[in-house]
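Trainee: Got a predicted structure plus its sequence, pasted below:
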Amino acid sequence: MLPKRTHEISRLEAFSDAVFAFALTLLVVSLEVPKSYDQLINLMSGFPAFACCFGVLLWIWYEHNLFFRRYGMQDPYTVLLNGALLFVVMFYVYPLKFMFDAGFGQFLPTRHGIVPMTLGQLAHASAIYGLGFVVLFLMFALLYRHAYHKRHQLELTPLEIFDVRAFAGQQLVSAAVGSVVVLIALAVPRRYAFISPMSFILMWPAHALYETRIGRKRKALETELPPVTSPTQR
């Protein structure tokens, strides 16, 4: 459970929210109001891809929000890492949209403007998208690593110190899955290029295994730590 927010929303968080909002705007900025039934059908055929892109950006924003709710740091290094993270988000909006449009375009042929990719192009596009995914979650991991280094200033309890390391590990698990996607895209024969984007499904078992392992360690730590005494019990 998250601790209550102990600070007002900073300008850094407000700026970050504005960047995420602009990234969402870029997903739909090229859309026009349909002027015919055929254009309406073409527009609606792009809804699944847009929904997936929206979901991915919402997930990234949620991870970003969790970090600042937990620690609320605003030092120069945090600003630098946050800026790099936001830069990646902005830069990879179009690769994100392209990958989902191309993927759903295989099943929704009414979607106009989609040029089928060769297997070689699919491999390269998957590597580009996967690389952005890796960099993004490495930025999250570095933010949590920085919070760990500031643990004394943040006055983290032993359990909270364990948690900040576990949160960094969660981000590294996501980055590792992205690395697998990139390696498959670059290393496997081109006829198997379709396996690369499909490898993102490894996120679920990878995180499930990690959460199980971390959960056991956290329970063991809780039993070792003395019970927390409230001020009224002292």
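Mentor: Right, received. Where do you want to start? Residues are numbered from 1 along each chain as shown.
Trainee: Excluding covalently adjacent residues, which one is nearest to residue 217?
Mentor: Spatial nearest neighbour of residue 217, chain neighbours left out: residue 162 (7.5 Å); criterion: C-beta to C-beta, 6 or more residues apart in numbering. Any C-beta I mention is one placed from the backbone N, CA and C, and that applies to glycine too.
Trainee: Run a quick neighbour tally on the one you found.
Mentor: 17 (other C-beta atoms under 10 Å).
Trainee: Can you tell me the SS state at it?
Mentor: helix (DSSP: H, G, I helix; E, B strand; the rest coil).
Trainee: Now name the helix or strand holding residue 156.
Mentor: Using DSSP states H and E, residue 156 falls within no helix or strand.
Trainee: okay, now it: neighbour count?
Mentor: Neighbour count for residue 156, taken as other C-beta under 10 Å: 18.
Trainee: ok, back up a step: is it true that the residue nearest to residue 217 touches residue 218?
Mentor: Yes - look at residue 162 against residue 218 with C-beta atoms under 8 Å: they come within range, at 6.2 Å.
Trainee: contacting residues for the residue nearest to residue 134 when sequence neighbours are not counted?
Mentor: Closest residue to residue 134 apart from its sequence neighbours, by C-beta to C-beta, 6+ apart: residue 178 at 4.0 Å. Neighbouring residues of residue 178 by C-beta atoms under 8 Å, 6 or more residues apart in numbering: 130-131, 133-134, 137.
Trainee: now, among those residues, which is nearest to residue 153?
Mentor: Nearest to residue 153 out of the contacts of residue 178 is residue 137 (C-beta to C-beta; 24.9 Å).
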